[in-house]
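Predicted model and sequence follow; I will ask about them next.
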Amino acid sequence: MTELQNIAKKLFDDGSINLLIGYSNNENGGTSAIFIDNSADIDKLIYNENCHQNLMVYFQKPEVKKFGKLAFVVSLPGLKSVLEIASENQIKDGDAYFIAIDKDGNPSLLQDFHQIEDFITNNQTKPPMGLLKLMEKINNMTREERWQYWTDEFSKCIKCYACRSVCPLCYCTQCITDINIPQWISTESSPIGNLDWHIARAMHLAGRCIGCGECMKACPVDIPLALLTANLNKSIAIHFGDEPGMKADYKYPLSHYKLEDKENFIR
Amino acid sequence: MARIGVFICHCGENIASTVDCGKVAEISSKIPGVVFSTDYKYMCSDPGQTLIKDAIKKYKLTGVVVGACSPRMHEPTFRKVVASEGINPFFCEMANIREHCSWVHPKGEETTQKAADTIRILVEKVRNNEPLYPIKVPVTKRALVIGGGIAGIQASLDIANAGNEVILIEKEPSIGGHMAQLSETFPTLDCSQCILTPRMVEVAQHPNITLMSYSEVESLEGFIGNFKATIRKKARFINEELCNGCGDCTLKCPIKKIPDEFNAEMGKRPAIYVPFPQAVPNKPVIDKDNCTHFKNGKCQFCKTNCSAGAIDFDQQDQLITVDVGAIVVATGFTIKGTDFFPEYGYGKYKDVVTGLQFERLLSSSGPTLGEVRRPSDGKVPKKVVFIACAGSRDPAKGIEYCSKICCMYTAKHAMLYKHKVPDGEADIFYMDIRAGGKNYEEFVRRAVEEDDVNYIRGRVSKVYEKNGKLIVRGVDTLLNSTPVEIEADMVVLATASVAHSDAESLAQKLHISYDSYNFFSEAHPKLRPVETNTAGITLAGACQAPKDIPESVAQASAAASKTIALFSQDLLTREPIIAVSNKSTCVGCFLCQSVCPYLAIEREEIKDRNGNIIKTVASINSGLCQGCGTCVAFCRSKSIDLQGYTNNQVFSEVSALFERSEEYV
Amino acid sequence: MSEFEPKIVAFVCNWCTYAGADLAGTSRIKYAQNVRIVRFPCTGRIDFMLLLKAFEEGADGIIVSGCHPADCHYTSGNYHARRRWMVFKDLLDFIGIDSRRIVFSWVSAAEGAKWAHLVNDTVSEIRNLGPMKEYKNLENVSSNKIGELIND
Amino acid sequence: MKIGYFPGCSLHGTAPEYEASLKLVAKAADIELVEIEDWNCCGATAAHSMNRMLSIALPARNLAIAEKMGLEEVVVPCAACYSRLLFALNEFKLDEKVRMNLQPIIETEFKGNIKILNVLDFLEKYVMDALKNKVDDKFKKKAACYYGCLLVRPPKLTNSERWDDPLRMEAILKKIGIDSIDWSFKTECCGAGLSIARTDIVGKLSGKIIEDAKDRGADMIVTACPMCQSNLDMRRGAINNYLKKDNNIPAIFITQLIGLAFGYSEKDMQFDKLFVPISFSNNNFSNNNDNLKMQKSKVKEVKV
């Protein structure tokens, strides 16, 4: 039995949890989420470098919530999303256990936000180089080139909303794109509809996105979606000095202000 | 299906001279849903209103768009018209084709097109309007009057005499304001203090008035009928209840050389002082910055000599919160000092004084006991030059307006000087004499004809000192622009009246608007001259613009009557422009909560039948919400909306911004 | 060919800029006709989606204007708006939409002349930028790419 | 450090002592003044009374050349030149039409990034610090600091804070131990260009200045403008005529005094070029009769 499985077993054995969400091998040779509701299935629980999905996306699903006591296997991005949704009043301290996987792959049990905050501080990683390079490349383009780049990318979008489904922060019961009075965003996968959707998605995640990159990985047509939010978070860090997912009492930068915020762009 | 009527007003020639109103009506008639469209000379007139009423009946209209002036002008008028025909008044919108169109553009097709576009935008809004019903809120029948000059005193007395409570706050140690500093008043030359001090006493003794001197507004929350004001009662270091006003402390204070504010710094006062003998309240105050005790802890002369034991060096500023239903702002004005004028010596010549300083020299309660003596050597000046419009009406000085009172008080000064120094000479440099007012022109003529005051029409370019005389170099524009040089003993500048230096920050605390000179702005320059744009707050006196005493008093009574009218109702009707939340779609992220400046967003727990909490959602307190809509723009799931500016309404407006020709083919 | 006349929409708050535009009217200060005004209670109310919608409707330029800092009728709506626009502008820049087409300004109720200048300046700047052809071309961007992808 | 230098006609003509003293003062403060190559007239009064574009193009050409030379700042010691150059730069910045039309006229590119310093700006920015511990007892004289009109006016252009009663020269002189009087004619007109055509008017205007300075106990008038200095110094004949008495109060450039404080000699500072003599050596700063006679004879020589 691995250390991970040991921790899980103990949680079941002492009755702390009714459901554990972790990773297991799937028939395609990859990994997928596994929902374990009794200790008999614990031997299927694994963790390796292929386990990237942010399992916190399941936290708000009613099907999961009804189990009551929960545990999640989470790595750094998952833990950041825990703190972010905590700051958004979606999870309270003690609502779930977290089996945190550190950068060397070792599991440990975290129970409160304070421990999570410490864990995140001690396990900081750099964002993937590829993403940063692409971001820099786009920023170095002329405006016309950037527009062309994104028009091309967005034209691929088939409005499958996989980006929304995998995002742990897209938990609204009513998404703006589903509203038809008024019809904010055209439902068809037309150029304008696609552009509106991706701008709206980015703005709704600005200052909230914790950078797990799931949206990009889930996208069936490979639009580098995480760039939009990553670039916005960069602006927010520069303008306001805020970074989401670091503290449970994080103050959303767009609903707070400082008198001295810069306004050199305002006439 | 909406049945909308469009009514285009010519506003006489105001709109019709540049906009083809008939054509706008014709274009509007083709908008889907518009079943009636017409134009008329004066839509706000009685026949105009009847025209709308008749059309509502005849065409069974469900909504109305009036293309006329700014909604800030006539929206209530037309909403009333619509309501009188049984339609919810919020189905009436105004398209601003006057201020935003006909007045700012030349006559032509494009201007007409803009008017038509504006109508179309509002038609789309009306199509998506929903019936709204006024909100009733209780009224606190207590007024806060800020400023205890003649305007504040008058407003307080009027409101209190109508049977309402008044809290009058004054930032100085005594009420009275500038009027208490004046010697005599124009055009009657009656003694200023003689007519003012009875009013001051009346304030102090009035059972309905709570006087808080040496106090300032710290902050203000709430809205009409329900303000919550926090007042800073500054420590005067005197126990006001123990103090009997004997004044022994002021006599015993060893510090005696502090420039006296009440005497416009022409005299001196001690560190513990009553600003003037008739002060109300007649209680001293310790000037902490100049008091030896506060500087090094050594002196306590006042304390040891106070038989009442009223001196309290440990007193602290107090913050007092009061509930009030209405506010009258009567904070008055100040004047530019002589240091504002490079050409008149930057204040370095002692014998160049301001009008207010000269007023103190004329006053029998002033530092010279009413004898005109010049500050430098105490000699009686035999030649006094008065300079009117010092700073005022001068774009180069940044003060383009007329200070209004200077022509009259300069004439008064010259006259009073001549009465006191009959062999003296008084010269007045002026630009124009503005003596509009009852008996004002006659007063000026009296100065010229009876008192031999010498009026010189021209400006003064420079005043400098030479051999103990002030050389006034100017020009006489009536005598072929002859340069004039006058050797004067004294120069009196009628310096510009300006807003207080803290006027801007007070306006920001009160959320009232102010103009570029920091005078507070009235809601409408002609028809709502005492109200501000913030409901429940009115203006009185020179905080709005320079005014003389009769005008200030008249406006104070007007502000009081507005306040009394408000207090005559138990419940106040508020516009239902507030936010509402959709509790079924709200996910309770509460990112909206911190944007609400009124703390109107509350957490509401939704429970199932067994009392278990299903979720916590945002709920809007309709009493607190003021309808800014900031939370609406924040809500990702659009679970909050703003009545009167709903998502659907503004979205429809934007959708109708530009004409899409195919729709009308 | 006549000169390109840009279509400008102004989203303004009721208390400051709308009143400032009223003052421009009462003062008879002339300015360009290209602007269409939409009234909001506060700049805080202005949803970024409405700006996108305005471009979609054919606007070549957008003015967003409200009360100066510290003057907001509702105390702080303009401060929130200020942050929102800071972030939104950066996003538009990143996507390649010319953010010069959106002009943010504070115009108080006393600044009728500033309002007139703002409109005139915006019109002449947008005239120099030319029509907002990106958005207009979007209508013509074929869904071919999507088609190609599905056919793959 | 290198700073641009626009002498204008005066410093190469009537006021060589101003140029000499300024250059040595700069040298003492470790500044090299680089004269703008091939400079031309600033346009003076003639250009702006005739043609606005000409009055902008003439100074702008000088500034453009300075920019091309890689200079970031240029010192303009003559107050009139200073005014014209500042005006041109300001118009260039504010008026789009000027920007569009200028280049073909001056046949060179101009970006408008250069900064213009008058002599007081220059002394405050680069020399003040070097004047620490330069208080000298021999300077225990009363100065009447005279600014004239164009050094401070128009205030919107020059950004002067106290344009009717400036105190900048006073502060600089204080550094070397000279106290200044408070007087009323600091910014009065000296008569300026009427020096040639209407010497009598200059006599009257400058006379009033001299009279007030003297009445208030000044030992010397200190200037920062070659025009003012020449009127106050050279037109003593006309001045004395107007005042109906002889006046021997000297008028000297501020840079000459600063130079002395740096240890240069009166000869270096070209005191001999002054019509009304002045000397600080051997405590013989005086207005004795010898000097007066000398002055009278000189006045005669140059009477136009």
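That came through fine.

So for the residue nearest in space to the middle of chain D, what pLDDT did the model give?
The centroid of chain D falls nearest to D:C225 when counting by Cα atoms, centre = their mean (1.9 Å). pLDDT for D:C225: 94.

Same check on the one 10 residues further on?
Looking at D:R235, its pLDDT is 92.

ok, now which ones touch it?
If a contact means Cβ atoms under 8 Å, 6 or more residues apart in numbering or on different chains, then D:R235 has D:G191, D:S195, D:T199, D:V202, D:G203, D:S206 as its contacts. Bear in mind the C-beta positions are built from the backbone N, C-alpha and C, glycine included.

what does B:S363 give?
B:Q181, B:L182, B:S183, B:G370.

can you put those residues in TSV and add pLDDT and secondary structure?
Shown next, in TSV, are the contacts of B:S363 (pLDDT from 0 to 100; DSSP: H, G, I helix; E, B strand; the rest coil):
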residue	pLDDT	secondary structure
B:Q181	96	helix
B:L182	96	coil
B:S183	94	coil
B:G370	91	coil
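
Nearest to chain A among those?
Distance to chain A across these (Cβ to the nearest Cβ) is lowest for B:Q181, with 37.2 Å.

what's the spacing between that closest one and B:S521?
Separation of B:Q181 from B:S521 (Cβ to Cβ, to the nearest Å): 27 Å.

how about the nearest residue to the residue in the stretch 51-200 of chain B that chain C sits nearest to, chain neighbours excluded?
Residue of the stretch 51-200 of chain B nearest chain C, by Cβ to the nearest Cβ: B:E99 (2.9 Å). Spatial nearest neighbour of B:E99, chain neighbours left out: C:G25 (2.9 Å); criterion: Cβ to Cβ, 6 or more residues apart in numbering or on different chains.

for the one you found, phi and psi?
phi -70, psi -50 (degrees, to the nearest 10).

same check, this time on B:Q318
phi -110, psi 140.

residues from the stretch 351-500 of chain B in reach of chain D?
The interface of the stretch 351-500 of chain B toward chain D, taken as Cβ under 8 Å from any Cβ of the partner chain, is made up of B:K462, B:Y464, B:E465, B:K466, B:N467, B:I471.

If we use 6 Å, what do you get?
Contact residues (Cβ under 6 Å from any Cβ of the partner chain) of the stretch 351-500 of chain B with chain D: B:Y464.

got any ranges where chain C has weak pLDDT?
Applying pLDDT under 70 to chain C flags the ranges C:1-2, C:139-152.

D:P154 and D:T187, how far apart?
Counting by Cβ to Cβ, the gap from D:P154 to D:T187 is 12 Å.

One more: A:M246?
Distance, A:M246 to D:T187, by Cβ to Cβ: 61 Å.

What of D:P59?
In this view, D:P59 and D:T187 are 23 Å apart by Cβ to Cβ.

ok, these two, which is more surrounded?
Using other Cβ atoms under 10 Å in any protein chain shown, the more surrounded residue of D:P59 and D:T187 is D:P59, with 32 against 22.

May I see the buried residues of the host helix or strand of that one?
Under the criterion of DSSP states H and E, D:P59 resides in helix D:52-68. Applying a neighbour-count criterion of 16 or more other Cβ atoms under 10 Å in any protein chain shown, one finds D:55-67 buried in helix D:52-68.

Now do the helices in the stretch 101-250 of chain D.
Taking DSSP state H, counting those that start in this stretch, the helices of the stretch 101-250 of chain D run over residues D:119-122, D:155-158, D:168-174, D:194-197, D:199-215, D:226-234, D:236-243.

May I see these arranged in TSV, with mean neighbour count as well?
Formatted as TSV, the helices of the stretch 101-250 of chain D follow (neighbours: other Cβ atoms under 10 Å in any protein chain shown):
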stretch	mean neighbour count
helix D:119-122	23
helix D:155-158	15
helix D:168-174	20
helix D:194-197	14
helix D:199-215	21
helix D:226-234	26
helix D:236-243	21
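
what about the strands in the stretch 1-150 of chain A?
Taking DSSP state E, counting those that start in this stretch, the strands of the stretch 1-150 of chain A run over residues A:19-25, A:31-36, A:70-74, A:96-101, A:107-110.

right, and the ones you listed - which one's nearest B:C592?
Taking Cβ to Cβ, strand A:96-101 is the member of these nearest to B:C592, at 25.6 Å.

helices and strands around the closest one, which ones?
Counting contacts by 3 or more Cβ pairs under 6 Å, 6 or more residues apart in numbering or on different chains; DSSP states H and E, strand A:96-101 packs against strand A:70-74, strand A:107-110.

Just give the nearest non-adjacent residue to the residue nearest the centre of chain C, would you?
Centroid-nearest residue in chain C: C:I62, 1.8 Å away (criterion: Cα atoms, centre = their mean). In space, and not counting its chain neighbours, C:I62 is closest to C:I102: 4.7 Å by Cβ to Cβ, 6+ apart.

about what we covered before: dump the contacts of B:S363 into JSON lines; add distance to B:S307 and neighbour count as well.
As requested, the contacts of B:S363 are exported to JSON lines (distance: Cβ to Cβ, whole Å; neighbours: other Cβ atoms under 10 Å in any protein chain shown):
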{"residue": "B:Q181", "distance to B:S307": "31", "neighbour count": "22"}
{"residue": "B:L182", "distance to B:S307": "35", "neighbour count": "22"}
{"residue": "B:S183", "distance to B:S307": "35", "neighbour count": "22"}
{"residue": "B:G370", "distance to B:S307": "33", "neighbour count": "16"}
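
The residue nearest to B:P71 when sequence neighbours are not counted - how many residues pack around it?
In this structure, B:P71 finds its nearest non-sequential neighbour in B:M94, 4.0 Å apart by Cβ to Cβ, 6+ apart. Applying other Cβ under 10 Å, we find 27 residues neighbouring B:M94.

What residues does B:S392 make contact with?
B:S392 is in contact with B:I399, B:C402, B:S403, B:A496, counting by Cβ atoms under 6 Å, 6 or more residues apart in numbering or on different chains.

Show me what the helix or strand harbouring B:I456 packs onto, helices and strands only.
Using DSSP H and E, B:I456 sits in strand B:454-457. Strand B:454-457 makes packing contacts with strand B:425-430 when contacts are defined by 3+ Cβ pairs under 6 Å, 6+ apart.

Next secondary structure element downstream of the strand it packs on?
Next along the chain after strand B:425-430, taking DSSP H and E as the criterion, comes helix B:440-449.

any idea how far the nearest residue to B:D287 once chain neighbours are set aside is from B:K383?
Using Cβ to Cβ, 6+ apart and skipping the chain neighbours, the partner closest in space to B:D287 is B:A271 (5.0 Å). Applying Cβ to Cβ, one obtains 38 Å for the distance of B:A271 from B:K383.
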